[in-house]
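A.B. asks: take this sequence and fold it.
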Amino acid sequence: MGTRYDSNPSDGDDSNPFADSRPERADFGHDSKIDISLDSATDLRAKEKDLKAKEAELKRREEVFLLSLYLLELKRKEDAISRAGIIVDVKNWPPFFPLIHHDIPKDIPVHLQRTQYLAFTTFLGIIACLVWNLVAVSAICIKGEDLDVWLLAVIYLITGVPGAYMLWYRPLYRAMRNDGAMMFGFFFFTYTCHILFCVYASVAPPMIFKGKSLTGILPAFDILHGSFPIGCLYFVGFALFALESAISIWVIQEVYRYFRGSGKAEQVKRDARKSTVMMVALGRA
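C.D. replies: Predicted coordinates:
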């Protein structure tokens, strides 16, 4: 029996595993979907919000802590200053634009407050006199007077107001507050000059200063014949300067009465004698 050789064993065999095989498409993840939970995103936002709230709270606590440290340091410095006897003056006058410290009920002894209030009245009075003086002189310049008198009136105002405060009101305030004898002496000299100026301004003779630059009685009569309204302005200025002179004389009498009664006059004399003796001794040396 002969053997039959089959050249293609797989021919006609339906069981060939490679007959219908096709390559499968590779999946690189393009068609796959990532499912992110909405709850996870909400949790992230909540955690971020919570962190921001904690950061703001920490920042607020830090600011409160720094402010507390600053206040404690400020209190410590104030206590040290008060123990050292240093007086810190807070600017409180005028109320709408504080420029100076002025607190008579707190700083001045009760028995001297009346005199200090009178002196303060004269300080306000000289301001009123100089402002009114500028108004009246401005009116006469509009009528044709030389501009020189208006410039002098401006100079009186811008130098007179700070000069009055620096030269006699503040020295008196400090003298009343600290009971300083030398300050009283300086006040008497400068306040006497203030009184002399007010008396001169109330008359305003045509000498030293140009007469119409001050609203005295002499220029008031002179102007009244040419312009009745402006003459009236000058008469009001005369009345203000005259009233200021009268109150100022009363103030210096009150201050001098206290100065004599408190023994400050004798203290000034003793200090003057000591200074003279020291000067003589230094000269001989």
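A.B. asks: how about the nearest residue to Val255, chain neighbours excluded?
C.D. replies: Thr115 (6.1 Å; Cβ to Cβ, 6 or more residues apart in numbering). (C-beta placed from N, C-alpha, C; glycine too.)
A.B. asks: doesn't Ala239 make contact with Ala128?
C.D. replies: No: using Cβ atoms under 8 Å, Ala128 makes no contact with Ala239, being 11.1 Å away.
A.B. asks: okay, those two: which has more neighbours?
C.D. replies: Ala239 (16 against 13; other Cβ atoms under 10 Å).
A.B. asks: just give me the neighbour total for Ile126.
C.D. replies: 25.
A.B. asks: pretty sure it contacts Leu243?
C.D. replies: No: with contacts counted by Cβ under 8 Å, Ile126 stays clear of Leu243, the gap being 11.0 Å.
A.B. asks: just the helices in the protein please.
C.D. replies: With DSSP state H as the criterion, the chain has helices at 38-84, 104-107, 113-142, 147-164, 170-178, 181-203, 217-226, 228-261, 264-284.
A.B. asks: contact partners for Ile223?
C.D. replies: The neighbourhood of Ile223, defined by Cβ atoms under 8 Å, 6 or more residues apart in numbering, consists of 140, 212, 230-231, 234.
A.B. asks: now with 7 Å, please.
C.D. replies: By Cβ atoms under 7 Å, 6 or more residues apart in numbering, the residues touching Ile223 are 140, 230-231, 234.
A.B. asks: just to revisit the earlier point, how much space between the residue nearest to Val255 and Phe259?
C.D. replies: 11 Å (Cβ to Cβ, to the nearest Å).
A.B. asks: same deal with Asp148?
C.D. replies: Here the criterion is Cβ to Cβ. By it, Asp148 lies 41 Å from Phe259.
A.B. asks: for Leu167, same thing?
C.D. replies: In this view, Leu167 and Phe259 are 18 Å apart by Cβ to Cβ.
A.B. asks: just want to know which of those two has more residues nearby.
C.D. replies: Phe259 (20 against 16).
A.B. asks: wait, that one touches Gly185, no?
C.D. replies: No: distance between Phe259 and Gly185: 8.8 Å, which falls outside the contact criterion (Cβ atoms under 7 Å).
A.B. asks: what about Leu157, how many residues nearby?
C.D. replies: Applying other Cβ under 10 Å, we find 16 residues neighbouring Leu157.
A.B. asks: excluding its backbone neighbours, what's nearest Phe123?
C.D. replies: Closest residue to Phe123 apart from its sequence neighbours, by Cβ to Cβ, 6+ apart: Tyr169 at 4.7 Å.
A.B. asks: how near is the one you found to Cys232?
C.D. replies: Distance of Tyr169 to Cys232, given as Cβ to Cβ: 31 Å.
A.B. asks: cool, Leu214 as well?
C.D. replies: 16 Å.
A.B. asks: what about the residue lying closest to Leu147 once chain neighbours are set aside, distance to Thr215?
C.D. replies: Distances taken as Cβ to Cβ, 6+ apart place Cys141 nearest to Leu147, at 6.2 Å, with adjacent residues excluded. With distances taken as Cβ to Cβ, Cys141 is found 13 Å from Thr215.
A.B. asks: out of those two, which sits in the more crowded spot?
C.D. replies: Thr215 (30 against 17).
A.B. asks: who are the contact partners of the more buried one?
C.D. replies: Here Thr215 is in contact with 132-133, 136, 204, 234, 237-238, 241 (criterion: Cβ under 7 Å, 6+ apart).
A.B. asks: got the contact list for Arg174?
C.D. replies: Listed by Cβ under 7 Å, 6+ apart, the contact set of Arg174 reads 180, 183.
A.B. asks: tell me the pLDDT at it?
C.D. replies: Listed pLDDT for Arg174 reads 92.
A.B. asks: same thing with Ala46?
C.D. replies: 80.
A.B. asks: does Ala128 touch Phe241 like I think?
C.D. replies: No: the criterion here is Cβ under 7 Å, and Ala128 misses it with Phe241 at 10.0 Å.
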